[in-house]
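Engineer: Fold the following and give me the result.
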Amino acid sequence: MSAAILALSPEHTLELGKTLGLVAKPGDVILLTGELGAGKTQFTKGVALSLGVEQPVTSPTFNLVCEYQDAECSQNVLRHFDLYRLDREEELEDIDYFGLLEDEVVSVVEWGDKFPEALPRDYLLVEFEYVNESTRALRYWAMGSNSAALMDLFEEAAMGSGLVASGGMSGGAPAEVSDVAPSEVSVGAPGGAPGGAPGGAPGGASSEAPGGAPGGASSEAPGGVNDES
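Structural biologist: Numbering: from 1, shown residues only. Below is the predicted model of the structure:
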């Protein structure tokens, strides 16, 4: 199951993250992939806001994982990973990666597809593709029943809030970039991903990230910067 949408500005990216955060539930796993500066952390900030996080959210590039509590600081509601600096799959064990993903909190993982043989059982993959200095194409793949339900809720909420046009996530690639408001952006399924897996990979695993970057990682930022990570 897959879909795509254009984010026309960093503010639009934030709002899309907030919309996903509104419908995410404890235990959901959201993997983010895309070049440096594509908007992954901006999107995560939106998720955090809707979960009631009041602390500043930054990419945990050096800490590898950060935990955030709700406004009352009564419980953890978000766990934010960044796998960019890891070199080997075995290093995931050092941070108890899979154990932490099992906790009843929302988990957002930047560079989440870096180790294709170590993907979670059920996750929503969001790829951030550079379009121009302010615009990104966000492509979604639901890999599992829980993430499929999450993506359905996200679609409904995004259309209800006017972030995407009516018509839903069906048919075609994201709309061409133009001077339109976020509410006028159309949504569609990305081409070339049969079976709902990035690049047509069976079982949700692939040796290449969507868009063809080996291991899902890139060490260089695109020509325009939307966000720090």
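
Engineer: Could you export the longest helix seen in the chain as PDB, CA atoms only?
Structural biologist: What stands out as the longest helix in the chain, according to DSSP state H, is helix 145-160. The C-alpha trace of helix 145-160 is given here as PDB (Å, rounded to 0.1, in the frame of the first residue of the first chain):
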ATOM      1  CA  SER A 145      -1.600  -4.100   8.700                       C
ATOM      2  CA  ASN A 146      -1.000  -1.600  11.600                       C
ATOM      3  CA  SER A 147       0.800   0.800   9.300                       C
ATOM      4  CA  ALA A 148      -1.900   0.400   6.600                       C
ATOM      5  CA  ALA A 149      -4.500   1.400   9.100                       C
ATOM      6  CA  LEU A 150      -2.300   4.400  10.200                       C
ATOM      7  CA  MET A 151      -2.000   5.500   6.600                       C
ATOM      8  CA  ASP A 152      -5.800   5.300   6.000                       C
ATOM      9  CA  LEU A 153      -6.300   7.500   9.100                       C
ATOM     10  CA  PHE A 154      -3.600   9.900   7.900                       C
ATOM     11  CA  GLU A 155      -5.200  10.300   4.500                       C
ATOM     12  CA  GLU A 156      -8.600  10.900   6.000                       C
ATOM     13  CA  ALA A 157      -7.200  13.500   8.400                       C
ATOM     14  CA  ALA A 158      -5.100  15.200   5.800                       C
ATOM     15  CA  MET A 159      -8.100  15.600   3.400                       C
ATOM     16  CA  GLY A 160     -10.300  16.800   6.300                       C
END
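
Engineer: Check for me that Val126 belongs to a strand.
Structural biologist: Yes. Under DSSP: H, G, I helix; E, B strand; the rest coil, Val126 falls within a strand.

Engineer: That one reaches Leu138, doesn't it?
Structural biologist: Yes. With contact defined as Cβ atoms under 8 Å, Val126 and Leu138 form a contacting pair (5.9 Å). Every residue, glycine included, has its C-beta placed from N, CA and C.
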